[in-house]
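Novice: quick one: sequence plus predicted model below, questions after.
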Amino acid sequence: MPLLSVVVPAYQVVEWLEESLQSVLDQSLEDLDVVVVDDGSTDGTGELADRIAAADDRVRVVHQPNAGLGAARDVGTSAAGGDFLAFADSDDLVLPGAYELLVGSLRASGSDLAIGAVERLRGTETFVTPLMRLNHEHPLTGVRIDEAPLLLADVFAWNKVYRRSFWDARGLRFPEGVSYEDQPVLTEALVHARFDSLVAPVYRWRVRDDGTSISQQRGDLTDLRDRLDTKRWSLATVQEHTAPTTQQVFLRRVLPVDLWEYFRAVPGASEEFWATLRDGVRELWSDATLPFERTALPLRQRVMGWLVASDRRADLESFLVWLDGQPAPLPTRQLGGRTVADHPYAEEPGLPAELLGP
């Protein structure tokens, strides 16, 4: 039995696959079982994977008709035989020593999964987002999610190593035919696991600017529906299995973090896109749970979300134009003896107090 199985779904990535797989094969932890799932590629990805496998007997390739990322990961997981399980995307890089650190942590702690920090790669520049840096500021060992609720924001499949017995016992599978499939699965894993969180970066996520990645398609209605569905599934899991304080962290700081990209996509979008976005925001952030303006997002994004929930599309589009000419943070002015953010709705009657600043 290999110690660690690494599942690598691959679709139309001939440009990046060799470098990505080499970052896995060069790991200091050499007892690897690397399962590449060629998901119906037509650009030579499958043939390249076969050549790499022929040169290294730790690599196996499964070829299948295109079925999507979730299905490819599930097929790879079924074929994997290691005591521990990891995932890597075929255009990203696993940082040197990552698997030795993550597996070593699990062996020492007995935890169900271990998490490392993520660097983003844009061109030749690498950076760590503020939320990622905050989540990995201090090491954690054997904790539950109610002890570290902000880690619910870390719903990436690939910066973690899982104990295979835990993965199977929870019956974890990625949903098929939907984008952002890792979010509900990782939320499920995190709320049931004892986990370790490492300070060290273990993974480098390539930010592609060629228009081909899922994350560059925010104005697409199907993409929006998938995003809202995976948020609904994740929220249901958190509400069922975590403490009320954790649920509030999730609603305030985790669930809304990526919606600003969809707010930004409204100009030029269809009426159906607008209605889907508006109804989704109203459903997930309501007076019964937490209105969007009370989230912990930056003020700009809270105003956007409030306009969406209020069904004020024209005002949102005007606000986006206004925002593009403003510095960060927003300027301030005096209003009724207090300092408030200077934005077009600051004097609107009935404006929620949370939208006056900071």
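Specialist: Cool, the structure landed.
Novice: can you give me the strands in the chain?
Specialist: Ranges of strands within the chain are 4-10, 32-39, 59-64, 84-87, 93-94, 113-122, 125-127, 140-143, 160-163, 195-206, 332-335, 338-341, based on DSSP state E.
Novice: using a markdown table, lay out the ones you listed together with distance to Val238 and mean neighbour count.
Specialist: (Each C-beta comes from the backbone N, C-alpha and C, glycine too.) Listed next are these as a markdown table, based on distance: least, Cβ to Cβ, whole Å; neighbours: other Cβ atoms under 10 Å:
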| stretch | distance to Val238 | mean neighbour count |
| --- | --- | --- |
| strand 4-10 | 26 | 26 |
| strand 32-39 | 30 | 25 |
| strand 59-64 | 33 | 18 |
| strand 84-87 | 22 | 26 |
| strand 93-94 | 29 | 24 |
| strand 113-122 | 17 | 21 |
| strand 125-127 | 28 | 11 |
| strand 140-143 | 16 | 16 |
| strand 160-163 | 18 | 25 |
| strand 195-206 | 15 | 21 |
| strand 332-335 | 35 | 13 |
| strand 338-341 | 30 | 15 |
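Novice: which one of those lies closest to Glu283?
Specialist: Closest of these to Glu283 is strand 338-341, at 27.3 Å (criterion: Cβ to Cβ).
Novice: can you tell me how far the closest residue to Gly44 other than its chain neighbours is from Met304?
Specialist: The shortest distance from Gly44 to any non-neighbouring residue, by Cβ to Cβ, 6 or more residues apart in numbering, is to Val14 (4.5 Å). With distances taken as Cβ to Cβ, to the nearest Å, Val14 is found 39 Å from Met304.
Novice: thinking again about what came up before, and of the strands of the chain, who's closest to Ala153?
Specialist: Here strand 113-122 is closest among the strands of the chain (Cβ to Cβ), at 11.2 Å.
Novice: quick one, that closest one and strand 195-206 angle?
Specialist: 20 degrees (axes from the mean of the first three to the mean of the last three Cα atoms, to 10 degrees).
Novice: how close does Ser20 sit to Val118?
Specialist: Distance from Ser20 to Val118, counting by Cβ to Cβ: 15 Å.
Novice: now the end-to-end length of stretch 84-103.
Specialist: Stretch 84-103 has an end-to-end distance of 8 Å (criterion: Cα to Cα, to the nearest Å).
Novice: tell me the buried residues in it?
Specialist: With burial defined by 16 or more other Cβ atoms under 10 Å, the residues of stretch 84-103 counted as buried are 84-95, 98-99, 101-103.
Novice: which regions of the stretch 1-150 of the chain lie under the pLDDT threshold?
Specialist: Along the stretch 1-150 of the chain, segments meeting pLDDT under 70 are nowhere present.
Novice: and the helices in it?
Specialist: For the stretch 1-150 of the chain, the helices defined by DSSP state H, counting those that start in this stretch cover 17-25, 45-55, 69-79, 98-109, 130-135.
Novice: so which of the ones you listed comes closest to Val155?
Specialist: helix 130-135 (11.4 Å).
Novice: in terms of secondary structure, what does that closest one contact?
Specialist: Helices and strands touching helix 130-135, by 3 or more Cβ pairs under 8 Å, 6 or more residues apart in numbering; DSSP states H and E, are strand 113-122.
Novice: sheet-wise, list the partners of the strand it packs on with their directions.
Specialist: Strand pairing for strand 113-122, determined by DSSP bridges: strand 125-127 (antiparallel), strand 160-163 (antiparallel), strand 195-206 (parallel).
Novice: nearest to Arg253, of the ones you listed?
Specialist: strand 195-206 (16.5 Å).
Novice: how much does that closest one deviate in direction from helix 98-109?
Specialist: Using the same axes, to 10 degrees: strand 195-206 against helix 98-109 is 170 degrees.
Novice: strand 195-206: how far from the chain's middle?
Specialist: Distance, stretch centre to chain centre, for strand 195-206: 13 Å (Cα atoms, centre = their mean, to the nearest Å).
Novice: please apply the same query to stretch 183-193.
Specialist: Using Cα atoms, centre = their mean, the offset of stretch 183-193 from its chain centre is 12 Å.
Novice: report the mean confidence score over it.
Specialist: For stretch 183-193, mean pLDDT rounds to 98.
Novice: ok, the residue nearest to Leu172 when sequence neighbours are not counted - contacts?
Specialist: Once flanking residues are discounted, Leu172 sits nearest to Val185: 5.7 Å by Cβ to Cβ, 6+ apart. Applying Cβ atoms under 8 Å, 6 or more residues apart in numbering, we find Val185 in contact with Ala157, Leu172, Arg173, Phe174, Pro175.
Novice: okay, those in a markdown table with pLDDT and distance to Val249 next?
Specialist: Formatted as a markdown table, the contacts of Val185 follow (pLDDT from 0 to 100; distance: Cβ to Cβ, whole Å):
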| residue | pLDDT | distance to Val249 |
| --- | --- | --- |
| Ala157 | 97 | 22 |
| Leu172 | 98 | 23 |
| Arg173 | 97 | 27 |
| Phe174 | 97 | 25 |
| Pro175 | 95 | 24 |
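Novice: for the residues you listed, which one is nearest Arg300?
Specialist: Nearest to Arg300, judged by Cβ to Cβ, of these is Ala157 at 30.1 Å.
Novice: show me the domain layout of this structure.
Specialist: For the chain, automatic domain parsing gives the domain ranges 4-215, 217-356.
Novice: out of those, deepest packed?
Specialist: Compared across these, domain 4-215 shows the largest average neighbour count, a mean of 19 (mean count of other Cβ atoms under 10 Å).
Novice: off-centre distance for it?
Specialist: 12 Å.
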